[in-house]
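Asks: predicted structure and sequence below. I'll ask about it afterward.
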Amino acid sequence: MTIKPQDDALPELSDRLKIRTLEVRGAEGPLPARLYTSGDAGAKRDTLTVFFHAGGFVGGDLEDADGFLRHLADDHPGMAVLASGYTLACVRPFPAAVEDAHAVLTWAKKNKAKIGWTGKQLMVAGIEAGANLAAVCALMSRDRGGPALAGQILIMPMLDPGLTTCSMREMQQAPELLDVADACAAAYRGYLPNAADRTHPYASPLQSSRLKNLPPALILSTEDDPLRDEAEQYGAKLISCGVKTTVIRMAPQPLQDPGARNECACKCAALGEIASFITGLGRSGTPPA
């Protein structure tokens with residue numbers, strides 16, 4: 001695990017960035033989505049990253065991470081980024097969101113022409129609750145025979161409904177972060193009303209005993225996030241199972257505001273680590289999706 005300083009400086013976005021609104025197919029019906037691309041308008045991209053937003057499973061939408069996704073796409077002209085909605089727990093709790101997430105991957109594979117993707121390389125990414133869905137997608141794709149994934153990018157992920165890690169317990173004692181920890185507990189109560197589901201690997205990847213044969217992972221945490229330890233413990237478990245994994249702990253960031261984790265992702269240090277990870281996947285000759 002590497003600890004990296006944070007850098008707020010970001011380059012200007014290019015005028016070649018394109019954003020398109022579309023619908024994708026979830027497990028039960030259509031879902032809102034946005035496609036982010038940069039570079040030549042008519043070119044097909046070899047890599048597609050499917051992204052899921054934050055919001056503790058009970059809130060959030062495509063707008064929340066728009067700034068991050070603009071920079072992510074603009075930094076990688078050879079990659080398209082598909083940000084998808086999913087069923088929130090206030091509509092239907094677990095497993096609706098994870099079934100949606102996996103269905104979107106299947107939809108993307110079947111609709112390559114529509115999104116301008118060659119089908120060569122497919123990745124998943126997410127922030128907070130969306131990172132949980134991304135991690136679970138990796139498990140589901142392995143268990144269900146596809147779509148094959150080249151990598152997973154988990155940014156400040158929610159992975160432990162039991163809220164048992166040291167960082168979670170310690171942050172609950174810090175007045176300035178008590179609301180952050182409480183929000184995690186409330187999110188899981190909404191997402192997992194059936195207590196028995198809290199140990200299901202598709203709800204809590206950290207509890208899974210089957211983590212072999214998963215795609216390479218980049219896991220980003222921050223020093224003062226209650227979610228820090230579960231992110232890093234998951235990284236350690238992946239490594240012990242032979243999964244190529246990079247775990248980065250970033251400098252402390254203010255997390256009291258609802259969109260704080262999205263803002264943290266949209267920092268030069270975070271985007272730089274993501275760029276290095278994606279470049280490394282290309283060099284490793286990861287199999288196509």
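Replies: That came through, no problem. Numbers count the residues shown, from 1 in each chain.
Asks: alpha carbons only for contacts and neighbour counts from here, please
Replies: Noted.
Asks: what is the least confident helix or strand in the chain?
Replies: Lowest on mean pLDDT, DSSP states H and E among the helices and strands of the chain sits strand 2-4, with a mean of 55.
Asks: packing partners of the helix or strand following that one?
Replies: Later in the chain than strand 2-4, the nearest helix or strand by DSSP states H and E is strand 18-25. In terms of contacts (3 or more Cα pairs under 8 Å, 6 or more residues apart in numbering; DSSP states H and E), strand 18-25 is packed against strand 30-37, helix 96-110.
Asks: now do the last one: everything it contacts.
Replies: Spelled out, it's helix 96-110. With Cα atoms under 8 Å, 6 or more residues apart in numbering as the test, helix 96-110 has contacts from 24-28, 50, 52, 57, 84, 86-89, 115, 119, 133-134, 136-137, 140-141, 146-147, 202, 289.
Asks: what do you get for stretch 13-23?
Replies: Outside stretch 13-23, the residues within contact range by Cα under 8 Å, 6+ apart are 30-41, 70-71, 73-74.
Asks: mind checking what secondary structure residue 67 has?
Replies: helix (DSSP: H, G, I helix; E, B strand; the rest coil).
Asks: before we move on, the earlier item: in strands, which of the contacts of helix 96-110 fall?
Replies: The strands, defined by DSSP state E, take in 24, 25, 50, 52, 84, 119 from the contacts of helix 96-110.
Asks: does the last one really touch residue 111, like I thought?
Replies: In this case it means residue 119. No. Under the criterion of Cα atoms under 8 Å, residue 119 is not in contact with residue 111, lying 9.4 Å apart.
Asks: same drill for those two, tell me which one is more crowded.
Replies: Set residue 119 next to residue 111 and count neighbours by other Cα atoms under 10 Å: residue 119 wins out with 19 against 14.
Asks: ok, that one to residue 126 distance?
Replies: 20 Å (Cα to Cα, to the nearest Å).
Asks: and the helix or strand containing residue 82, which strands flank it?
Replies: Taking DSSP H and E as the criterion, residue 82 maps to strand 79-84. Under the criterion DSSP bridges, strand 79-84 sits next to strand 30-37 (antiparallel), strand 45-52 (parallel) in its sheet.
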